[in-house]
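J.: Fold the following, please.
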Amino acid sequence: MSAIDVKDLTVAYHKKPVLMDVAFSTPKGKLMGIVGPNGAGKSTLIKAVLGLIPKASGNVKILGEGYSPKNKKVGYVPQRGSVDWDFPTNALDVVLMGRYGHVGWFKRPSKKDVEIALDCLDKVGMKEYSDRQISQLSGGQQQRVFLARALAQDAEVYFMDEPFVGVDAATEKAIIALLNELKEAGKTVLVVHHDLQTVKEYFDWLLLLNKKTIAVGPTEEVFTSELLQKTYGGKLTFLDQSTIVTQ
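T.: From the prediction side, this is the model:
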């Protein structure tokens with residue numbers, strides 16, 4: 001059984017297709033990158049899979065079942081820019097939101113839940129900021145808090161929408177180390193990613209997307225100049241094997 005199976009997924013805004021017949025399968029325990037040009041539908045794909053936006057057609061299964069927002073086995077880290085960081089709450093409370101699937105929305109978190117939340121903050125280097133209002137945190141710190149919230153959920157499959165955007169090098173290094181820990185623990189992680197220079201270093205499974213599936217599979221097989229040019233419409237320049245420039 002695959003962790004994620006998507007078949008014939010189409011999404012349209014105002015009757016204009018944004019994604020067309022997207023199909024891919026992700027084995028369990030993979031750290032998968034979703035790569036494509038701006039406007040390719042990468043974020044839209046994640047939102048459609050999670051039921052956050054309506055699908056025009058298609059079928060989605062996560063761990064062999066149709067997805068429900070109540071599914072405790074699925075965690076989601078949205079783009080940082082889509083979050084209201086002025087909401088009056090502190091870092092610990094944000095992470096405790098990840099425990100609601102275990103606790104229930106109308107019950108108070110237990111001492112154990114608080115300990116788990118603090119441990120997750122510690123894993124991302126944010127425990128000392130647990131009482132800090134999220135509006136007072138830097139962009140990288142905010143991203144770490146949202147990652148801690150996903151960890152607190154203790155999911156089997158994680159979807160992360162551009163977690164490296166707007167963070168410093170130290171935060172990016174900490175995030176990828178944590179994602180690798182999740183993979184080693186048998187979790188499956190899907191990451192919308194924009195930096196082609198780090199794709200081969202970060203991901204062992206890859207989806208090339210440009211409104212439709214261009215290619216999907218092991219990174220060493222999919223991350224080729226031919227398939228990248230097909231994905232980006234010829235708007236790439238390969239300076240050498242490790243340097244790619246988008247035009």
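J.: what helix or strand does the residue nearest to the spatial centre of the chain sit in?
T.: Taking C-alpha atoms, centre = their mean, the centroid of the chain lies closest to Met160, which sits 1.2 Å from it. Assessed by DSSP states H and E, Met160 sits inside strand 157-161.
J.: show me the contacts for the residue nearest to the residue nearest to the centre of the chain when sequence neighbours are not counted.
T.: Of all residues not flanking Met160 in the chain, Val77 sits nearest, at 4.3 Å (C-beta to C-beta, 6 or more residues apart in numbering). Just so you know, the C-beta spots here come from the backbone N, C-alpha and C atoms, and that holds for glycine as well. Applying C-beta atoms under 8 Å, 6 or more residues apart in numbering, we find Val77 in contact with 146-147, 149-150, 158-161, 163.
J.: got it, and Ile214?
T.: Ile214 neighbours (C-beta under 8 Å, 6+ apart): 36, 208, 227, 230-231.
J.: Look up how far Glu221 lies from it.
T.: 13 Å (C-beta to C-beta, to the nearest Å).
J.: got the domain boundaries for the chain?
T.: 1-73+156-247, 85-154 (automatic domain parsing).
J.: mean confidence for the last one?
T.: Here the mean pLDDT over domain 85-154 is 84, rounded to a whole number.
J.: Which pLDDT does the model give Gln241?
T.: Looking at Gln241, its pLDDT reads 51.
J.: ok, back up a step: go ahead and confirm the residue nearest to the centre of the chain touches Val189.
T.: Yes. The criterion here is C-beta atoms under 8 Å, and Met160 meets it with Val189 at 6.7 Å.
J.: Which neighbours do these two have in common?
T.: Counting by C-beta under 8 Å, 6+ apart, the residues touching both Met160 and Val189 are Leu179.
J.: now the helices: where do they sit in this structure?
T.: Here the chain has its helices, by DSSP state H, at 42-49, 91-96, 100-103, 111-123, 139-153, 169-184, 199-202, 219-222, 225-232.
J.: how about the ones you listed in a markdown table, adding mean neighbour count and distance to Gly66?
T.: Formatted as a markdown table, the helices of the chain follow (neighbours: other C-beta atoms under 10 Å; distance: least, C-beta to C-beta, whole Å):
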| stretch | mean neighbour count | distance to Gly66 |
| --- | --- | --- |
| helix 42-49 | 22 | 11 |
| helix 91-96 | 24 | 28 |
| helix 100-103 | 16 | 17 |
| helix 111-123 | 17 | 28 |
| helix 139-153 | 24 | 19 |
| helix 169-184 | 16 | 24 |
| helix 199-202 | 16 | 30 |
| helix 219-222 | 16 | 27 |
| helix 225-232 | 16 | 29 |
